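Peer 1: Could you look at this predicted model? Sequence included:
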Amino acid sequence: MTIPDLDPITLDIMWGRMIATVNEQAAALMRSSFTSIVRDAGDLSACVFDRRGRMVAQAVTGSPGHINSMATGMAHIVKEFPIDTLEPGDVIITNDPWITVSQLHDITIATPVFHKGRAVSLFANCCHALDIGGRGLSADARSIFEEGLFLPIMKLHEAGKPVQPIYKIIEKNVRTPDEVVGDIHAQIIANEVGGRQLQSFLQEFGLDDIEAVADAIIERSERAMRSAIDALPDGEHSFALTLDGFGEPIDIKSAVTIAGDEITVDYDGTSPMVDLGVNVGFNYTVAYTTYGVKCAIAPDVPNNAGSFLPIRTLAPEGSILNATPPAAVAGRHTVGHFLPSAIMGALSGILPDKVMAPGADSLWNTHIAGHDARDDAYFSYTWFSTGGTGALKGQDGLSATSYPSGVAGVPAEIIEALTPLVVRKRALRPDSGGAGEHRGGLGQVMEIEVRTERPYLFSGLYERCTHPAPGLDGGKPGMTGAIETSNGEDLKPKISRMLPSDTVVTLHIPGGGGFGDPMKRSTDAICEDIRDGYVTPDGVRRDYGLEPS
Amino acid sequence: MRIGADIGGTFTDVVLVDDQTGGLKLGKVLTTPGQPDDAVIDGVREVAGDVRAEVRHLVHGTTLFTNALIERKGALTALITTKGFRDAVEIGREHRYDMYDLRLRRPEPIARRRHRFEIAERILSDGSAREAPDEAEIRALARMLQSQEIEAVAVCLMNAYLNPVHERIVGEVLRGELPDLPITLSSDIAPEIREYERTSTALCNVYVKTIAEHYLGRLEARTKDVLQDHARLFVMQSNGGLLTAEQAIEAPIRLVESGPAAGALAAAHYGKSLGLSDVLSFDMGGTTAKACLIIDGEPLLAPEFEVDRQYQFKKGSGLPVKVPVIEMIEIGTGGGSIAEIDTLGRLKVGPKSAGSTPGPICYGQGGLLPTVTDADLMLGYLNPDFFLGGDMALDLDAAGDAIAEQVGEPLGLDRLDAAFGIHQLANEAMASAARIHAIERGRDISEFPMFAFGGAGPVHAYGVARILKLPQIIYPFGAGVMSAIGFLTAPLAFDFVRSHPIRLETADWPSVNRLISEMEDEGRARLAQATRDADITFRRTADMRYRKQGFDISVPIPNGELGPSSVPGIIAAFERIYETLYGHTIPDTPIDVMSWRLVASGPKPELSLPVGGAGDRDAQKGERRIYVQDRGLIDVPVYDRYLLGAGDRLEGPAIVEERESTVVINGPATIRVDHNRNLIVDLEPAP
């Protein structure tokens, strides 16, 4: 079957079925995962690939970092194991950060699907393992060797038989072997669920493989992305974001060039790698770049190999966005999450109606470990918190909402039930949203106490404490983040510290940037904000030049 | 005798059942949106006629509270919460429900920030009180509420699911100060962990409480007026159990999904009467389609749902409500779903809907965008002269022209192929949603018969079942009054939940037993008004998990005294369910119980379906040209549903017309009419 044979309705139906198979794959994975970040927050990806390793469809869930990194990573997997060398029952595993998701915690499992005796497709999914050994999910490592177990592209099952040594190595190198291996099983089952649906689909439509359908899907998506780019005027636009970094600030420089129906994002001039774990593997840089471009110019175009083609990403080797082995990368999201904002900032001049101002962008990642006096046991707990997103033309930013990551937060009662922590406050942070015709989203305040009699370990991976989220189009920056302690303990945003047991830590999470001149904000909107306490009278005087009555 | 009454968008359906003879009498009156109880009472008069004195129960479900929540027409509502937490309900899950849409908005809490107040108090995560609330502070707050003309208050304090004492103090002091103010305590309505969901539940409940008081109070009085003083009003809950009107007024949020729940109950009941224990119930209406899995004769339940999903029915775009509900997957595909060509030149059907105004083009009420109903009409599936039994004439030409122009031309298809494309894509979307829902619940539905109802359900069921490769479809007799029939199959029931986490191996069983018997006592007390003690059944379940897993599954727990010797049985039950859901169990991992649940039910009413005789005349009305895949337009017989008799056998393709819907068999099948006049359609196995 070739493309011209497919009438448009049949193609639409087949396309829908491809998406349905990966949604089923994702549903199976989310149901059986051990890891709440996978199950509750949907921090995973599930995709189907054709014989050439091109992503044809992604599940409508997950995070862009996982989806797009895996999409581009598959080329390496089919290079290592050419599709026709695979056998039914083979399962491939890897967490190679340089070619997949730029973090050892993210394990990709790929499974070939056979039809009429021939490999016709690969189903793959990627999700975050609860543990991978090493220093855990922190930026503390100096090189990847300290970050845990590295799994190169390998067959985890050969023709249906588990390769036991790999399982044994995993079990002995992670702190929570049951959960980690359990999740790998869930990943394998999810691919099987998707694969069975694909086989049934091929049979129903009398197809030998999905190549022609994939061609049609990829070609149409590519064409749609190209025409969205083509509609923009040619030109080069640049933007620079400054992050706090470690001691030294990190500059992210983006130059976005639109030429005809192609777009190039070049990060030349961006700061070099650092010797802590916030370096970003290039594949992850590409993932958040294509995601940012898509959000700004073509949110409706399906996300697959075709829509990636007209978008080129460049980052100098050795820069923090194209880190080379053995750089440490466990905290790569701390930097990678800023890329959509770097792109939108650049495009704001030509697409003021589409882009969103930069927000907190990077999740605040808090890890606390210590002694729980209640049952004389040690505890260790990590969670993510969100700040405000940036404003858009015509719309205020969202308060305490994750972007670009899709991760969900944790209820205070769950934190308290699982740990000796007491969350004393969890509130929106007045005045933290950048002023503008449209206000940035508010960050939040979290006040944390630990019920313990011994010193405890606190480590945070926090950004935007010295460099705020800038506004766009005359909008003002959001408020920077801060950490405060009840007893004057000096706590730094990216350094782990032991704190006296009675230390209460308060996190002030940053707000998003505003959009448009604050002087143009409607008085009504300002008054409503005052009544709801999203801004204070002092803030209004300072940011909007108004005297609240 | 009992009466079931369901208020729909257009009609209010009323069904009288004579429990002695099993006879059913159906009535239909126009809905009276301004005062919906008018139609109910009219309908009751109509069906009860001169046997009014013998009717003991009126069972009712209503979307009144759902509508008030969706339209935000409830009370001006305030929240009282623990110091430091007034924003928990706005911070929510910190999550975006769509990955690419930068302009999405998160659901707005029922109480605006200016109406959310804090008091100093704290319960810790072990249930102990660190700081007690200060009554003076509460009294001062009461004055503040009054000055702001607050009309309803939800109280949700941190960790109150473990220890409700502080919430009760707040409630008592407030009631003392403001006796007329409706108040809902989170520990009463949803004593479960997760402050955002619990707060949201309490807010939604109190937001519609005044409406419930007025409406249900008035309806109960009028029920007694029109029937007899001893006649009682019962109300359907979202989980398929009944409440007395008095209980419902305290917890109106429990009624929000009662209509769809009743449909699923009816499907379960019909399934049972046919000897089918596993059924896929499929209900397609004007704006959405709903599918529900019925397993072992019971609809699956879920512990929470969302009201008012504002964004393409996406999870996360609505307000969470933690009350038990018959679990449905709902998607934005219905008769009014709009078909359009997207930026990629693809045909998309839904979730945009023409709704009831302007509605489909063929209604001639100003609709300009082609809908699923327009396509169905083009394809010959609907009879332009017999829509709603002939009450509404449909404009075939206008529908066809719009489909040709807006869908056919851009795709290079003639109007019929374009219309069939719309029909098929609607079917694909519904089939895919149903299958994913089944996977999420660990079920393989490929052997499930489908049970089709709703205005558009019988039109599309055949196509959906073919995609899912289901063996059989059942088109119940009385599909138009399914919810009203469902009400009559529901038992009086109340459910309870207590969060009380234990480790199975070290559980303090006496305290667990105490807690369960408290719930049983409460159940007996609540049911006592209408049920004899001996007729009460208790069903216990526990929310259980492998330690460190982030989610619970619901596991049946044996009745009677629990102790260490119960543990192996509980573990076995847990593992059996875990395996059904996830395909495997996890060896050597300890198991915890998080919460204990109890459902106390009265007896399940018997309802026998009316038996129909053999047809005494030819049921074929004529022939109609309809579109059949791979065959094009062909003439097929059209039957009158009301003239088909038990034992009749037909062949597909065929059309069977009834008042509220049309059964469309647009492909090969064998059709028989069973002794209850249901159509049983066997699909041929796929080639």
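Peer 2: Received it, and whenever you're ready, just let me know what you need.

Peer 1: The residue of the stretch 151-300 of chain B found nearest chain A - nearest residue in space that isn't next to it in sequence?
Peer 2: Closest to chain A within the stretch 151-300 of chain B is B:R194: 4.6 Å, counting by Cβ to the nearest Cβ. Using the backbone N, CA and C atoms, a C-beta is placed for each residue, glycine as well. In space, and not counting its chain neighbours, B:R194 is closest to A:P411: 4.6 Å by Cβ to Cβ, 6 or more residues apart in numbering or on different chains.

Peer 1: Sketch out the low-pLDDT regions of the chain for me.
Peer 2: Since you didn't name a chain, this refers to chain A. Scanning chain A with the threshold set as pLDDT under 70 gives A:1-5, A:36-42, A:549.

Peer 1: wait, I meant chain B there
Peer 2: Looking at chain B by pLDDT under 70, you get B:389, B:548-550, B:583, B:615-616, B:685-687.

Peer 1: mind listing what residue 76 touches?
Peer 2: All of this refers to chain A. A:H76 sits next to A:D96, A:I99, A:T100, A:I153 when contact means Cβ atoms under 8 Å, 6 or more residues apart in numbering or on different chains.

Peer 1: look at chain B instead
Peer 2: Applying Cβ under 8 Å, 6+ apart, we find B:L76 in contact with B:H115, B:E149, B:I150, B:E151, B:A152.

Peer 1: Tell me who's in contact with the fourth one.
Peer 2: The one in question is B:E151. B:A75, B:L76, B:T77, B:L181, B:P182, B:T210 are the contacts of B:E151 under Cβ under 8 Å, 6+ apart.

Peer 1: and of the residues you listed, the nearest to B:V15?
Peer 2: Taking Cβ to Cβ as the measure, B:V15 lies nearest B:T210 of the contacts of B:E151, at 29.7 Å.

Peer 1: Relative to B:A248, how far out is that closest one?
Peer 2: 13 Å (Cβ to Cβ, to the nearest Å).

Peer 1: which one of those two has more residues nearby?
Peer 2: B:A248 (26 against 19; other Cβ atoms under 10 Å in any protein chain shown).

Peer 1: With just CA atoms, put whatever helix or strand the more buried one lives in into CSV.
Peer 2: Secondary structure assignment for B:A248, by DSSP states H and E: helix B:245-250. Extracted in CSV, the C-alpha atoms of helix B:245-250 (Å, rounded to 0.1, in the frame of the first residue of the first chain):
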residue,chain,number,x,y,z
ALA,B,245,-34.4,13.5,50.8
GLU,B,246,-33.4,14.6,54.3
GLN,B,247,-30.0,12.9,54.0
ALA,B,248,-29.5,14.2,50.5
ILE,B,249,-30.0,17.8,51.6
GLU,B,250,-26.9,17.4,53.9
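
Peer 1: circling back to that earlier point, got TSV for the contacts of B:E151, with secondary structure too?
Peer 2: Converted to TSV, the contacts of B:E151 look like this (DSSP: H, G, I helix; E, B strand; the rest coil):
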residue	secondary structure
B:A75	coil
B:L76	coil
B:T77	strand
B:L181	coil
B:P182	coil
B:T210	helix
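
Peer 1: Correct me if wrong: the residue nearest to B:R194 contacts B:T199.
Peer 2: No: using Cβ atoms under 8 Å, A:P411 is not in contact with B:T199; the gap is 10.3 Å.

Peer 1: Mind checking which of those two has more residues around it?
Peer 2: Neighbour count, other Cβ under 10 Å: between A:P411 and B:T199, B:T199 has more, with 29 against 21.

Peer 1: starting at the chain centroid, how far to the helix or strand hosting the more buried one?
Peer 2: Assigned by DSSP H and E, B:T199 belongs to helix B:195-207. Chain-centre distance of helix B:195-207: 19 Å, with Cα atoms, centre = their mean, to the nearest Å.

Peer 1: For that helix, enumerate the helices and strands it packs against.
Peer 2: When contacts are defined as 3 or more Cβ pairs under 8 Å, 6 or more residues apart in numbering or on different chains; DSSP states H and E, helix B:195-207 packs onto helix B:64-70, strand B:77-82, helix B:88-91, strand B:152-156, strand B:183-185, helix B:186-189, strand B:319-321.

Peer 1: Using the centroid of chain B, identify the residue furthest from it.
Peer 2: B:A136 (43.1 Å; Cα atoms, centre = their mean).

Peer 1: Mind checking what secondary structure it has?
Peer 2: helix.

Peer 1: can you tell me how far it sits from B:R86?
Peer 2: 20 Å.

Peer 1: and what of B:Q424?
Peer 2: Distance from B:Q424 to B:R86, by Cβ to Cβ: 50 Å.

Peer 1: and what of A:K425?
Peer 2: Between A:K425 and B:R86 the computed distance is 10 Å (Cβ to Cβ).

Peer 1: Right, I'll leave it there.
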